[in-house]
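# 3D model of this:
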Amino acid sequence: MSAVFAIDLTDAETFPSRRTEAWKYSDLKRWLRAAPEPSGTAAVGPPGPFYDLGGEAIVFANGRAVGVTDFIASGEQTLRLRYISEAVGTGHTAGARVSARAGAKLLLLETHEGAGSAYVAHNTLELDVAAGAEVTRVVLVEEPEDAISIAEAHVKVEAGGVYRQTIVTTGAKLQRIETRITHYAQGAQVQADGLYLLNGSRHTDLTSVVRHVEHNGATSQLIKGVARDTARGVFQGKIVVERGADGTDARMGHHALIASERAEIDAKPELIIYADDVQCAHGNTVGTLDESALFYMQQRGIPAEEARALLTQAFLIEVIDRIEHEGAREVAREWLTARL
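Predicted structure coming up:
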């Protein structure tokens, strides 16, 4: 993957196409040839899915901040970060900055809440995890089937920090959720998980780059996905172990199910290693639902669609089960189950 592609919704010249290697599966220029008109104001509406877990909030509605855009965590805190889109045929950009001080324990609950139609959203997050801090980020993304959305997170994890991430999404017309992590290791741990559940003609692209720049760091990544109908799922994961990052332990896995003849999965897992004495591995599988299990369940009176939903849930739920925070895990589980 190349360097970060700086997208500016007001300048169509910055929209990447499939000729850009990192965007070859998600051709933004194909669907967005001109800069969209700016979105108007939008109401915040009902509380997001994480509301009952409390905490502070950063809220954007059609790119406009409703209150603060920066947050600094100290001690044990919860932050709900909401990107709300309620627009028709227009575009908007929002950016938040979150920092966890040394020793802080932050639960970051992020939602991308889409209404309206055919909008373009570009949301960004700058996240700093200080030495010895711990951040758990859980992201739920639901947008209209005709929307275009790009979400970027740039994460810096200092020595001894802990960063856990789980993204759950149902896609859009073209959707890309990109995470770039600079891993200063020296005991720091990163978990970068995600899942996608796609139907119709939806498209999602989960792209991540984790750079280990110091020694003795660990990264674990599990991505699972299901594509139905004519949907397309993309996973691009890259772990780079720089010179001097000896003792790195990095594991990456992507596993997907194709649930129809016209659905598509594109996967590009990469390990780039410049250091010695490392333990790194990646795995990738793409298959279909177990027909014998489907037959077995139907023989016991379970309707075919319900059987498929149960098997799909059983396949995906491993990612949800890795969310350490019980409250966030249960919200994510209910959110996913409702969309099966």
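# and Gln186, helix, strand or coil?
coil (DSSP: H, G, I helix; E, B strand; the rest coil).
# who touches it in this structure?
Residues near Gln186 by CB atoms under 8 Å, 6 or more residues apart in numbering: 159-160, 214-217. To be clear about C-beta, it is placed using only N, CA and C from the backbone, and glycine gets the same treatment.
# look up phi and psi at it.
phi 50, psi 50 (degrees, to the nearest 10).
# and it, how far from Glu214?
Remark: distance between Gln186 and Glu214 (CB to CB, to the nearest Å) = 5 Å.
# sorry, back to before: CSV for the contacts of Gln186, including neighbour count, secondary structure and distance to Gly283?
As requested, the contacts of Gln186 are exported to CSV (neighbours: other CB atoms under 10 Å; DSSP: H, G, I helix; E, B strand; the rest coil; distance: CB to CB, whole Å):
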residue, neighbour count, secondary structure, distance to Gly283
Ala159, 17, coil, 29
Gly160, 20, coil, 28
Glu214, 20, coil, 26
His215, 20, coil, 25
Asn216, 16, coil, 23
Gly217, 26, coil, 20
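# okay if I get those residues as a markdown table plus distance to Val234 and pLDDT?
As requested, the contacts of Gln186 are exported to a markdown table (distance: CB to CB, whole Å; pLDDT from 0 to 100):
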| residue | distance to Val234 | pLDDT |
| --- | --- | --- |
| Ala159 | 33 | 96 |
| Gly160 | 33 | 95 |
| Glu214 | 30 | 97 |
| His215 | 32 | 96 |
| Asn216 | 32 | 97 |
| Gly217 | 26 | 97 |
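# out of these, what pair is the most spread apart?
Of all pairs drawn from the contacts of Gln186, the widest gap by CB to CB lies between Gly160 and His215 and measures 12.3 Å.
# quick one on the thing from earlier: could the contacts of Gln186 go into TSV alongside distance to Gly287?
Below are the contacts of Gln186 laid out as TSV (distance: CB to CB, whole Å):
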residue	distance to Gly287
Ala159	40
Gly160	39
Glu214	37
His215	37
Asn216	36
Gly217	32
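# out of the residues you listed, who's nearest Pro144?
Gly217 (38.9 Å).
# so what's the residue lying closest to that closest one once chain neighbours are set aside up against?
Distances taken as CB to CB, 6 or more residues apart in numbering put Ala185 closest to Gly217, at 2.7 Å, once the chain neighbours are dropped. Applying CB under 8 Å, 6+ apart to Ala185 gives the contacts 159, 212-217, 245, 247-248.
# what of Gly233?
Neighbours of Gly233 in contact, by CB under 8 Å, 6+ apart: 171, 196, 198, 203-204, 225-227, 256, 263-266.
# where's it, which helix or strand?
Here Gly233 sits within strand 232-241, counting by DSSP states H and E.
# could you dump that strand to PDB, C-alpha only?
This file holds the C-alpha atoms of strand 232-241, laid out as PDB (Å, rounded to 0.1, in the frame of the first residue of the first chain):
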ATOM      1  CA  ARG A 232     -18.600  -7.100  -2.400                       C
ATOM      2  CA  GLY A 233     -16.400  -7.300   0.600                       C
ATOM      3  CA  VAL A 234     -12.800  -6.100   0.600                       C
ATOM      4  CA  PHE A 235     -10.100  -6.700   3.200                       C
ATOM      5  CA  GLN A 236      -6.600  -5.200   2.800                       C
ATOM      6  CA  GLY A 237      -4.400  -5.800   5.900                       C
ATOM      7  CA  LYS A 238      -0.800  -4.900   6.100                       C
ATOM      8  CA  ILE A 239       1.600  -5.400   9.000                       C
ATOM      9  CA  VAL A 240       5.000  -3.800   8.600                       C
ATOM     10  CA  VAL A 241       7.800  -4.800  11.000                       C
END
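# so what strands line up beside it?
Here strand 232-241 has these sheet partners by DSSP bridges: strand 203-212 (parallel), strand 264-273 (parallel).
# any idea of the mean pLDDT for the first one?
Same thing as strand 203-212. For strand 203-212, the mean pLDDT works out to 98.
# what's the answer for the last one, then?
Averaging pLDDT along strand 264-273 yields 97.
# quick revisit: tell me which of the strands paired with strand 232-241 is the most buried.
strand 203-212 (a mean of 24; mean count of other CB atoms under 10 Å).
# the next helix or strand after that strand packs against which elements?
Sequence order places strand 218-227 as the next helix or strand after strand 203-212, per DSSP H and E. Where contact means 3 or more CB pairs under 8 Å, 6 or more residues apart in numbering; DSSP states H and E, strand 218-227 is packed against strand 189-198, strand 203-212, strand 232-241, strand 249-258, strand 264-273, helix 304-321.
# for the longest one, buried residues please.
Translated: helix 304-321. Within helix 304-321, the residues that count as buried by 16 or more other CB atoms under 10 Å are 307-308, 311-313, 315-317, 319-320.
# ranges for the helices of the protein?
For the chain, the helices defined by DSSP state H cover 28-31, 291-299, 304-321, 326-338.
# CSV for these, including distance to Ala130 and mean pLDDT?
Shown next, in CSV, are the helices of the chain (distance: least, CB to CB, whole Å; pLDDT from 0 to 100):
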stretch, distance to Ala130, mean pLDDT
helix 28-31, 34, 96
helix 291-299, 46, 85
helix 304-321, 27, 93
helix 326-338, 21, 97
